[in-house]
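>>> Below is the structure, and that's it, no one-letter string:
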Ligand SMILES: O=C(O)c1ccccc1NCC(=O)[C@H](O)[C@H](O)COP(=O)(O)O
């Protein structure tokens, strides 16, 4: 089921990709792959971390508008690593989030952490782009795909040695699980209404497969909530706005980790 904003974003995404493909063909991207650099495992990094925060670089969003429109990822991302992030997420969507694949490319050599390409992935073309830009993980959003598309994209991501974070919002979307999923993300944000409720993670936790690593996504700002989510079994926490809206995302993350005593 697609919701309105998601529908709009995905429709625009298809146009964006078609234009990019006109300029640079998929065959050309494949030729450029050569011998790719080995990937870093987000799953292992989160499982080994006492905190598990995937700190996100996000300039703006459909729900909040401008958050940090002038932010520079080459400043923010090394700061996140110094502060103790376990992984990095870079929003690469230009129109709705003010991001760019170049942001991901720019931070790749500046961090040892696994990097997630956070975008609305609907085409193999975007997976080749992600690999070339240096992503270790890609997001597949159940609500933006059919089950077959999700499986085919997951399979290709694995062939390209990238991990797959499958994002769900409802129990029904557990039908999207397949053998090429490494991490399961529960989005606390309803993409139709933008209403954000971390209860969604607690509700769905009872249904999530034990063999996958669980990530709670969106709207996490309170140390108490974070601690309760860890107690419920989540080992990854995708957090953007809480840090990006402050003058120093590095300090905000460092303070947050101190508040949860990690
Ligand atoms: O953030 C939005 O408004 C949004 C709207 C529509 C689709 C996706 C959206 N966000 C993408 C994300 O996944 C979040 O940036 C990520 O989960 C972090 O959320 P937050 O900590 O609330 O910034």
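Received it, and whenever you're ready, just let me know what you need. Keep in mind that this is a model prediction, so the values were computed, not measured. Numbers count the residues shown, from 1 in each chain.
>>> Mind naming the longest helix for the chain?
Scanning the chain for the helix with the most residues, using DSSP state H, yields helix 4-23.
>>> can you give me the angle the next helix or strand after that helix makes with helix 4-23?
Going down the chain from helix 4-23, the next helix or strand is helix 26-33, by DSSP states H and E. Calculated by axes from the mean of the first three to the mean of the last three CA atoms, to 10 degrees, helix 26-33 forms an angle of 80 degrees with helix 4-23.
>>> Contacts made by helix 26-33 with the rest, please.
124, 125, 128, 129, 131, 132, 160 (CB atoms under 8 Å, 6 or more residues apart in numbering). Every C-beta, even on glycine, is put in place using the N, C-alpha and C of the backbone.
>>> In helices, which of those residues fall?
Per DSSP H, the subset of the contacts of helix 26-33 in helices is 124, 125, 128, 129, 131, 132.
>>> Let me know how buried the last one is, in neighbour terms.
By the criterion of other CB atoms under 10 Å, residue 132 has 18 neighbours.
>>> What sits closest to it if chain neighbours are left out?
Spatial nearest neighbour of residue 132, chain neighbours left out: residue 32 (5.8 Å); criterion: CB to CB, 6 or more residues apart in numbering.
>>> ok, how many other residues are close to the one you found?
12.
>>> Equivalent analysis for residue 222, please.
Counted with other CB under 10 Å, residue 222 comes out at 14.
>>> rewinding a little: and the pLDDT for the residue nearest to residue 132?
pLDDT for residue 32: 95.
>>> next one: the one 5 residues further on
Reported pLDDT at residue 37 in the predicted model: 80.
>>> Secondary structure element for residue 104, which one?
helix 101-107.
>>> Report the next helix or strand after that helix in sequence order.
strand 115-118.
>>> in the stretch 1-150 of the chain, which segments are predicted with low confidence?
Along the stretch 1-150 of the chain, segments meeting pLDDT under 70 span 1-3.
>>> What parts of it come near the ligand?
For the stretch 1-150 of the chain, the residues in contact with the ligand (CB under 6 Å from any ligand atom) are 5, 56, 58, 61, 62, 63.
>>> Just give me the neighbour total for residue 253.
Neighbours around residue 253, by other CB under 10 Å: 25.
>>> before we move on, what about the one 4 residues further on?
For residue 257, the neighbour count with other CB under 10 Å is 18.
>>> just residue 240 next, same as before
Around residue 240 there are 26 other residues, counting by other CB under 10 Å.
>>> same deal with residue 58?
26.
>>> Name the nearest residue to it, sequence neighbours excluded.
Distances taken as CB to CB, 6+ apart put residue 240 closest to residue 58, at 4.1 Å, once the chain neighbours are dropped.
>>> ok, now which ones touch the one you found?
Contacts of residue 240 (CB under 8 Å, 6+ apart): 55, 56, 57, 58, 61, 67, 89, 91, 218.
>>> that older thread, buried among the contacts of helix 26-33? Need that as a selection in ChimeraX.
Buried subset of the contacts of helix 26-33, written as a ChimeraX selection, criterion 16 or more other CB atoms under 10 Å:
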select :124,125,128,129,131,132,160
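>>> any chance of the contacts of helix 26-33 in JSON lines, plus distance to residue 12?
Output for the contacts of helix 26-33, formatted as JSON lines (distance: CB to CB, whole Å):
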{"residue": "124", "distance to residue 12": "19"}
{"residue": "125", "distance to residue 12": "15"}
{"residue": "128", "distance to residue 12": "20"}
{"residue": "129", "distance to residue 12": "16"}
{"residue": "131", "distance to residue 12": "23"}
{"residue": "132", "distance to residue 12": "22"}
{"residue": "160", "distance to residue 12": "25"}
